[in-house]
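Visitor: Sharing a model prediction with you, sequence too.
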Amino acid sequence: MKKIFLIGWKDVTLAFRDRAALILMLAAPFALTLGLGFVTGRFSGSSNTGVSDIPVVLVNQDGGQIGNTLVNVFQSQELASLVVPTVLDNPALARQEVDADKAAAAIIIPAGFTASVISGAGTVPTQGPATTGEVVQLVLYTNPTRPTSVSVIKTILDGFVSQIEVGRVGGQVAVEQLLSHGLIQGQDAARIGGELGLRQANVAQSSKAIALKSVTGSGEAVKFDVLAYMAPGMALMFLMFTVSNGGRTLLAERSQGTLPRLLVSPTSASQVLGGKVFGIYLTGVAQVLILILASTLLFRLNWGDPLGVLVLVLAAVVGAVGWGLLITAVAKTPGLVSAVGSAVMLTFGILGGSFISLDNMPGWFRVLSKITPNAWGLDGFTTLGMGGSLANIWTPVLALLVMGAVLFTIAVLIFNRRGIMQQ
Amino acid sequence: MKKIIAIAWKDTILRFSGWAEWLFFLIMPIAFTVILAGGTGPLRDSRVRLVVVDQANSPLAVDFIATLGKSAAVRPEVLTLGKAEDQFAQRQVSAVLIIPAEFDLQHLEQGNVQLELRQQPNNMNALVAGRAVQAVISRVSSAVDIASSSVAEAEKIKPFASATARQAYFDAALKEAQTQMSAAPDRVTVAQGATKEQIEYDPRANSSAGQLITWVFIPLIGISAMFAYERQKGTLRRLLTTPTQKGTYLLGTIIGQVATALGQMLLLVGFGILVMRLNWGHSPAALGVMLLASTLAAAALGTMLGTFVKTEGQANGLSMMLGMVMALLGGCWYPSELFPEFVRTAIKILPTSWAMQGLLDIVLRGQGLSAIMLEAGVLLGFAAVFFVIGVWRFRYE
């Protein structure tokens, strides 16, 4: 056991002294996580959905109650991290801002918009004569190069319009019903309709008729931190480099003659292999833990239940080491291990969800992703990041352990067949 | 010239001496392009898949699911509870909506209907599904809210004679509310701005251009590894004892890698044209200028890096790291529209950003030589600066 530990420890110290290896073990995943943090806005604002601080221009020519409310909605604290509203007087200037790509959209509230809504222009009430007058429409002037931002603005605008429509219809229906049942007089209809409509619009957002109970897989309320998905993804991807690089050293020692020398000492082949595997495993664990620690301290990233994180790291490295050994067993030279290892690292990265979410990928792709330690590891890390505990991650942990055991067995069989561990 | 060709040929032979190089040269770039483009077939329904479990089977539930189906954000798929739970447990679906047995008009009037939405943790699609469900709930429940409110107003004036009268009043108000809500006039008109660029983000074009840059920049920055290797092994010194000038060696190495990169780019462009049906070929002159300018900028960066690194291993690691980070920040993996404003300005210092912009001008916006002159010029500027530093600081020993 002592020999296994010594061989393993020697490999760990060698790995962490190798500046070239450290670039891909630590610097690259850290740099990419940092880059992802910047491009997703994680470091630049409170919104971390990937779209934040959307510039939008508002022109309020209406000046009525509804027009003013719409401006207030965009200037509200609730939307402060999502949109950056600018109010202008001139519609032409607003359009220019969009055309110059300085704004994602311009919302022009034409004169008479409030009056148009209140008068029910364009609607056909069942009671009394049809309303007259033109429907005055809001103008949403969009920037075609920012489709995502535009869709966000449109969603906000649709929500507002829906709310005022509920208010209008609410007032109208109530008045019509009251009139038809003789409960109010015609001369009071306009006043009562206005009051009811305003009240209805205000309660529209807090409708109680249908409640929605949102639960996550781990039973917690949904919060989203894009970095909590990306950082484990990068750590797991570059873990594949570490394990294949560790395997490469096994073949390098063989070609350089240090492995046969070790085998003529009173050290059995299984002890040498055990030590090498132990070294790769320790290096992988240390790498991931360093990345977790660094991202926790520097990015204030919450990885979740520490015990769960530790168990998951230990299991993820088992799965990854299995792949590293298999690559080593199959490849014939250290150079080939490096090349195939890098290819597997990147392939598993995209297959396992380190670059893109697998949710919208075809079913076969998601099934295939399960061969990667990345996919299982990410499952576990996202569960923990959202407040799950060790009890919620047993499936990925077991899957990773089984993956490691199966691959290790296959790799040892190939090692024996090729006589790699023989003098 | 003969020596330059000989050195370039030697490097090319060395690079392709093993089959593994083909993984990085062609196989993985194509695989990444296809995956990041979301498949090369006809455009699929890109809405988020929302599994719905309908335990009510009531007209209201059917109407609710139909309204969900009209959403621009989600694509409902009705499954049994068992199947839905299985898929959710296996993370095959982002969100599951469970419509309970009591989801009917009668319970809705009493205001005690609750839908359950199960969402995967830390999942953007789950959040999108949540918003879409909320929007439909708002639409469906608003008519009931209006009817309830109408009944309450009537009750304030005069209490109903019986429960039946109250129900009849409610039913009439609900019907009227539903009619008026569905007949509501369109209150928003959308007009598209006259920006310089008029074409929206296309994942296929973005993926093709982005992966082309990524997979060509990484090996070209890796020229630094070739210089480090030759320095480490002493072959550079031996070569320079022959009647070969230092400039000849540098030129041979760089030309060889640039030519290989151009070949790789043309193969990837060919894949884009033939398989992905992308508009790469409408302006061969613009495409040629952009490909050449991009490769020269990347090769120059590799040459400059070659003066700073000590070992081949360091150079390999750095080239992969720099290539990936610059591709990420340059908008090669994700649309730069999603980047914050200051990042979009800051990334102008990266050659990948200009290369991506120029290539998208061609493949996405259908523009020609005049439109890409600025991007090509900036890339050639990068190339000049990097080459000057690289050659000036180059260590031959």
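Guide: Received the coordinates, thanks.
Visitor: C-alpha only now, for contacts and for neighbours.
Guide: Noted.
Visitor: what residue ranges in chain B score low on pLDDT?
Guide: B:39-46, B:72, B:91, B:121-124, B:195-201, B:337-338, B:396-397 (pLDDT under 70).
Visitor: At the geometric centre of it, which residue do we find?
Guide: B:Tyr334 (3.7 Å; CA atoms, centre = their mean).
Visitor: That one and B:Ser208, how far apart?
Guide: Counting by CA to CA, to the nearest Å, the gap from B:Tyr334 to B:Ser208 is 12 Å.
Visitor: just to revisit the earlier point, wait, isn't the residue nearest to the centre of chain B in contact with B:Leu328?
Guide: Yes - the pair B:Tyr334 / B:Leu328 is scored as a contact, 7.2 Å apart, by CA atoms under 8 Å.
Visitor: care to break chain B down by domain?
Guide: B:2-40+B:201-393, B:48-179 (automatic domain parsing).
Visitor: Next, the distance between the ends of the shortest one.
Guide: Its start and end residues considered, domain B:48-179 measures 30 Å (CA to CA).
Visitor: now do the first one
Guide: Across its full length, domain B:2-40+B:201-393 reaches 26 Å between end residues, using CA to CA.
Visitor: hmm, that domain in reach of chain A?
Guide: Yes - shown here: domain B:2-40+B:201-393 in contact with chain A (CA under 8 Å from any CA of the partner chain) through B:20-21, B:23-24, B:28, B:32, B:36, B:38, B:201, B:311, B:313-318, B:321, B:324-325, B:328-329, B:336-340, B:343.
Visitor: what's the spacing between A:Lys154 and A:Glu165?
Guide: 16 Å.
Visitor: ok, now B:Glu312?
Guide: From B:Glu312 across to A:Glu165, the span is 67 Å (CA to CA).
Visitor: Which of those two has more residues huddled nearby?
Guide: Neighbour count, other CA atoms under 10 Å in any protein chain shown: between B:Glu312 and A:Glu165, A:Glu165 has more, with 25 against 22.
Visitor: Which pLDDT value does the model give the more buried one?
Guide: Predicted confidence (pLDDT) for A:Glu165: 83.
Visitor: surely it meets B:Gln180?
Guide: No - checked against CA under 8 Å, the pair A:Glu165 and B:Gln180 is beyond contact range at 9.4 Å.
Visitor: and A:Pro179, what does it touch?
Guide: Heads up, residue A:179 is Leu, not Pro. The contact partners of A:Leu179, by CA atoms under 8 Å, 6 or more residues apart in numbering or on different chains, come to A:185-186, A:189.
Visitor: Surely it forms part of a helix?
Guide: Yes - with DSSP: H, G, I helix; E, B strand; the rest coil as the criterion, A:Leu179 is part of a helix.
Visitor: how about A:Val117, what does it touch?
Guide: Shown in contact with A:Val117 (CA under 8 Å, 6+ apart): A:135-136, A:168.
Visitor: In helices, which of these fall?
Guide: A:Arg168 (DSSP state H).
Visitor: So among the contacts of A:Val117, which ones count as buried?
Guide: Buried by 16 or more other CA atoms under 10 Å in any protein chain shown: A:135-136, A:168, out of the contacts of A:Val117.
Visitor: near chain B too, which of these?
Guide: A:135-136.
Visitor: got the buried ones among the contacts of A:Val117 as TSV, with pLDDT and distance to A:Ile210 columns?
Guide: Below are the buried ones among the contacts of A:Val117 laid out as TSV (pLDDT from 0 to 100; distance: CA to CA, whole Å):
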residue	pLDDT	distance to A:Ile210
A:Val135	83	31
A:Val136	88	32
A:Arg168	83	21
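Visitor: which of the buried ones among the contacts of A:Val117 lies closest to B:Ile218?
Guide: Checking those against B:Ile218 with CA to CA, the nearest one is A:Val136 at 55.5 Å.
Visitor: Run through the strands of chain B in chain order.
Guide: B:48-54, B:74-78, B:95-99, B:113-119, B:188-192 (DSSP state E).
Visitor: Take those strands and lay them out in a markdown table including distance to chain A and mean neighbour count.
Guide: Formatted as a markdown table, the strands of chain B follow (distance: least, CA to the nearest CA, whole Å; neighbours: other CA atoms under 10 Å in any protein chain shown):
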| stretch | distance to chain A | mean neighbour count |
| --- | --- | --- |
| strand B:48-54 | 7 | 24 |
| strand B:74-78 | 11 | 19 |
| strand B:95-99 | 9 | 26 |
| strand B:113-119 | 5 | 22 |
| strand B:188-192 | 5 | 15 |
